[in-house]
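**Student:** from the sequence below, what's the structure:
(one chain, ligands or ions: 2)
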Amino acid sequence: MSTTTAPEKHEFQAEIAQLLDLVVHSLYTDKEIFVRELISNAADASEKLRFLKTSGQEIVEPDAALKVTIATDDTAKTITFTDAGVGMSHGELIENLGTIAHSGSKAFLDQLRAKAQGGPVDATLIGQFGVGFYSAFMVADKVTVYSKSCRPGETGWKWESDGKTGYEIEPAEDLSRGTKVVVHLKDDEFAKAWKVEEIIKRYSNFVPLPIEVNGKEINTVQALWTRNKAEIKDTEYDEFYKYIGHDTDAPLYRLHFNADAPLAIRALLFIPAKNLELATLTREEHHVDLYCKKILIASRAKTLLPEWTRFLRGVVDSEDLPLNISRETMQDSALVAKLREVLVKRLLKFLDEESRADAEKYARFFKEHGHCLKEGVAHDYSHREALAKLLRFESSTTESGKFTSLADYVSRMPEEQKEIYYLSAANREACEAAPSYEVFREKKWEMLFLADARDEFVLESLREFDGKKLVAAEKADVKLDRDVQGLDAETAGKLAEFIKESVGERIGEVRVSKRLVGSPAIALSSDSEMTVNMRRMMKALNRDGMAGPEPMPDIEINPEHALIVSLEKMRASDAELGKTVALQVADQALAAAGLLDDPRTMLGRMTALLEKLCAK
Ligand code: ADP
Ligand code: MG
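**Tutor:** Ligands and ions are numbered 1, 2, ... in the order given. Predicted coordinates for the structure are as follows:
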């Protein structure tokens, strides 16, 4: 091909253009992370090459050494990263460096956009979102990529961009296999060797191949997970985690273990201190890479771990796996299934032990990653019981913001209590004030307070723990221990009928309660499956898609409450006013349960009642 042909011009996909605009204009801290990101890409490409080679595929220049070579030039103001990895063809350059191929990149864009107006954006996260390459444009006014694919028959290409609207591609002669990224720097800060060395020591010390800066090798190459645990320092672990997790913080937990049966496994797993999903409302995937004798077989191997473990970062190495296992065969490999079972069992055991050893640290873990465990309880049938032990909730016994496990709850249950009770509301205060909690407070029976909207569904799907049924407070068949005072059963029954007649179709049954203490009335779901809270949530999620007519909530009245006792008298003396008060009692109970769709009628009635009261 002749070099005189004009280069092809391409425009960036719209999202990339927006991303670049934000990278250039909003990211002004932690710029040095572009070094880590470009090294990480070179290392990934080299690991892929190593895998192709060991699995017997034909590649060009099979003997080229796998390493990352960095050259700085402070006169030309450039820093250049060269690898002998898999390289990129013409099509791959367009696809990998011009379009958003990862689901995470949109999320990063959204986060950038949201924060661009406000404070500084944490640029160090960019690699976690799968758009690390573009971090080069934080420091560059031009980036040139020379690449030649490792596949026989491919030619070399030059890709170049100023990071604004698009890029150009043209053929390039005399390239060796792999990729060379030339970063043309805006200023010479990163063209100084000592500076670059310092950055590499900080972020990339554990890249599993040699890194050279201007001909000098500077990192410690080692597969940390294959070393003897006793000889590894905490700082080495932390550095390794920061490298593989693209994180700046140390991990919260680490689990390093070897197993020989049923499979030979060396695993080094980390749990980050922060869960990105909470901040970005995206769904993560685990970043656990699968190795066989230090050779990468699959990065972020999907089938290796169940989805609820997606907070994990790390490495699993098993010499029992065939080297040529492909992504497809991994799907139905019995070996991989076995591996997964061992890993999950270890993780569950580890978390259980950690929760006992340091409950406060575990609570921090649970606040960040607990939603993943809850998902596991709902979906991972085979590990449900072990996962249930790891759940934590606030309860009437814990202080606000503190947790109890289900096992500890059970250990505190008095003899006569047979079930585990929970109550779901917007927050702890609302739980404590809920009418359905009254009888339990009186009996001094512990109540789990669920403030996370998912919790009720999780406990519903769990059904029981340690042989005890999990029961929603309002569904519980629990009575006060003492005789109910106030209206006698027959009179109270008549009043209930009167209220039902006054309110009509909007409610189901009206019954006399044996469990209310401080409230005049309570609205309860008449659906045997769902609590009022679940019903309210289903309604919010799916406004018009509910199947069949919605069952009307039932009302229970408290025969001891002064208002109810007076209402009974009023029914005889002033039936008209009595009807108004009955409506008000019912609507207030519905409102307390979040089931009153339109409060205006109730408020109008309230005003009328207040008017009467004030006129007296
Ligand atoms: P990620 O590394 O998370 O995939 P990046 O934005 O860092 O995201 O890189 C995008 C893609 O560009 C990579 O997935 C890879 O396919 C390709 N790429 C980047 N650098 C190289 C390189 N040095 N050699 C081969 N491919 C590369
Ligand atoms: Mg990358």
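**Student:** Trp445 should be in a strand, yeah?
**Tutor:** No - read with DSSP: H, G, I helix; E, B strand; the rest coil, Trp445 is coil and lies in no strand.
**Student:** that one and Glu8, how far apart?
**Tutor:** Between Trp445 and Glu8 the computed distance is 74 Å (C-beta to C-beta, to the nearest Å). From N, CA and C alone the C-beta is placed, and that goes for glycine too.
**Student:** these two: which is more packed in?
**Tutor:** Neighbours per residue (other C-beta atoms under 10 Å) separate Trp445 from Glu8, with Trp445 holding more: 21 against 13.
**Student:** surely Asn214 touches Asp74?
**Tutor:** No - using C-beta atoms under 8 Å, Asn214 is not in contact with Asp74, being 10.9 Å away.
**Student:** in the stretch 51-200 of the chain, which spans are strands?
**Tutor:** All strands of the stretch 51-200 of the chain, identified by DSSP state E, counting those that start in this stretch, fall at 68-73, 78-83, 140-148, 156-161, 166-171, 178-185.
**Student:** one more: the stretch 351-500 of the chain?
**Tutor:** Under DSSP E, counting those that start in this stretch, the stretch 351-500 of the chain gives strands at 394-395, 420-424, 448-450, 464-465, 468-472.
**Student:** quick one: mean pLDDT over the fourth one.
**Tutor:** Which is strand 464-465. Strand 464-465 carries an average pLDDT of 96.
**Student:** what's in contact with it?
**Tutor:** Contact partners of strand 464-465, identified using C-beta atoms under 8 Å, 6 or more residues apart in numbering, comprise Ala388, Leu406, Ala407, Val410, Ile420, Leu470.
**Student:** mind doing that once more with 6 Å?
**Tutor:** By C-beta atoms under 6 Å, 6 or more residues apart in numbering, the residues outside strand 464-465 that reach it are Ala388, Leu406, Leu470.
**Student:** and the contacts of stretch 563-581?
**Tutor:** Gly486, Leu487, Leu495, Phe498, Ser502, Pro520, Ile557, Asn558.
**Student:** between those, which is nearest Gly376?
**Tutor:** The closest of those to Gly376 turns out to be Asn558 (C-beta to C-beta; 40.6 Å).
**Student:** next up, the contacts around the closest one.
**Tutor:** Neighbours of Asn558 in contact, by C-beta under 6 Å, 6+ apart: Ser513, Leu516, Pro520, Ile564.
**Student:** list just the nearest of those to Thr282.
**Tutor:** Leu516 (44.1 Å).
**Student:** which residues of the stretch 1-150 of the chain score low on pLDDT?
**Tutor:** Where the stretch 1-150 of the chain drops to pLDDT under 70, the residues are 1-4, 28, 101-109, 111-125.
**Student:** near ligand 1, which residues of it show up?
**Tutor:** Contact residues (C-beta under 6 Å from any ligand atom) of the stretch 1-150 of the chain with ligand 1: 37, 41-42, 44-45, 83, 85-88, 96-97, 130-133.
**Student:** try it again at 5 Å.
**Tutor:** Contacts of the stretch 1-150 of the chain with ligand 1, taken as C-beta under 5 Å from any ligand atom, map to Asn41, Ala42, Ala45, Gly85, Asn96, Gly130, Val131, Gly132, Phe133.
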